[in-house]
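Peer 1: With the sequence up front, the predicted model follows.
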Amino acid sequence: MTAIVDVAIRNNRSVILILLFILIAGTLAYREIPKESDPDIAIPMLYISMTHEGISPEDAERLLVRPMEKELRTIEGVKEMTAIASEGDASVTLEFDAGFDSNKALRDVLQKVDIAKAELPDDSDEPSVHEINLSLFPILVITLAGDVPERTLLSLARQLKDALESVPEVLKVNIGGEREEVVEF
């Protein structure tokens, strides 16, 4: 170990030159490597939601979940299937193996859901298939609060919405908590 230190001390100019070369190369590489502030990450999950007005959790499991699970079980690449039945609705979540083809998986799930629809009760709403997509989640949440009337806050929120939507990189702005004005006679 001391031999390496002795050689470095004897050739100090070479060591400093190598260090400078590494620092310059690292800086250039850092500047040239493409970076994305919010990369699109494919989450290997799909979920199917089904609703049936007034159905009990036990009936939802028997009438909604089981026929859907029976069909979805045959899809290739499914790592794990989880189902939840509650009053009035049910959902089935499919987790796929890493590196899955999202378009093929979505096509397969839609085909199997169409087949399973025939076994669902007639009163049930149409099952819907959803992809989990991180790019649809909000990136920034702004909360307005203050000791002013609600109409003033709403007016400020609308002005802020217009200003944010004028930024080219902003896709969509939503105002949450906006009440619908109703006139009573």
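Peer 2: Looks like it came in fine.
Peer 1: Which helix in this protein has the most residues?
Peer 2: When the chain is parsed with DSSP state H, its longest helix is helix 12-32.
Peer 1: Please state the offset of that helix from the chain centre?
Peer 2: Centroid separation for helix 12-32 versus its chain: 40 Å, with CA atoms, centre = their mean, to the nearest Å.
Peer 1: Can you give the contact residues for it?
Peer 2: Helix 12-32 is contacted by residues residue 8 when judged by CB atoms under 8 Å, 6 or more residues apart in numbering. Quick note: C-beta positions are derived from backbone N, CA and C, even for glycine.
Peer 1: what's the following helix or strand after the lowest-mean-pLDDT helix or strand in the chain?
Peer 2: The least trusted helix or strand in the chain, going by mean pLDDT, DSSP states H and E, turns out to be strand 128-133, with a mean of 86. Using DSSP states H and E, the helix or strand that follows strand 128-133 in sequence is helix 150-165.
Peer 1: Please name the nearest non-neighbouring residue to the residue nearest to the spatial centre of the chain.
Peer 2: With distances taken as CA atoms, centre = their mean, residue 134 lies nearest the centre of the chain, 2.6 Å away. Leaving aside its chain neighbours, residue 134 sits nearest to residue 41 (5.5 Å; criterion: CB to CB, 6 or more residues apart in numbering).
Peer 1: tell me the pLDDT at the one you found?
Peer 2: On pLDDT, residue 41 comes in at 73.
Peer 1: next one: residue 63
Peer 2: Per-residue pLDDT puts residue 63 at 90.
Peer 1: before we move on, back to that, for the longest helix of the chain, C-alpha coordinates in PDB please.
Peer 2: Only the C-alpha atoms of helix 12-32 are listed here, as PDB (Å, rounded to 0.1, in the frame of the first residue of the first chain):
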ATOM      1  CA  ASN A  12       2.800  14.200  -8.400                       C
ATOM      2  CA  ARG A  13       2.400  16.100 -11.700                       C
ATOM      3  CA  SER A  14       1.200  13.000 -13.500                       C
ATOM      4  CA  VAL A  15      -1.300  12.300 -10.700                       C
ATOM      5  CA  ILE A  16      -2.700  15.800 -10.800                       C
ATOM      6  CA  LEU A  17      -2.900  15.700 -14.600                       C
ATOM      7  CA  ILE A  18      -4.900  12.400 -14.400                       C
ATOM      8  CA  LEU A  19      -7.100  13.900 -11.800                       C
ATOM      9  CA  LEU A  20      -7.800  17.000 -13.900                       C
ATOM     10  CA  PHE A  21      -8.600  14.800 -16.900                       C
ATOM     11  CA  ILE A  22     -11.100  12.700 -14.900                       C
ATOM     12  CA  LEU A  23     -12.800  15.800 -13.600                       C
ATOM     13  CA  ILE A  24     -13.100  17.400 -17.000                       C
ATOM     14  CA  ALA A  25     -14.300  14.200 -18.600                       C
ATOM     15  CA  GLY A  26     -16.900  13.700 -15.800                       C
ATOM     16  CA  THR A  27     -18.200  17.300 -16.200                       C
ATOM     17  CA  LEU A  28     -18.500  16.900 -20.000                       C
ATOM     18  CA  ALA A  29     -20.200  13.600 -19.700                       C
ATOM     19  CA  TYR A  30     -22.700  15.000 -17.100                       C
ATOM     20  CA  ARG A  31     -23.600  17.900 -19.400                       C
ATOM     21  CA  GLU A  32     -24.000  15.700 -22.500                       C
END
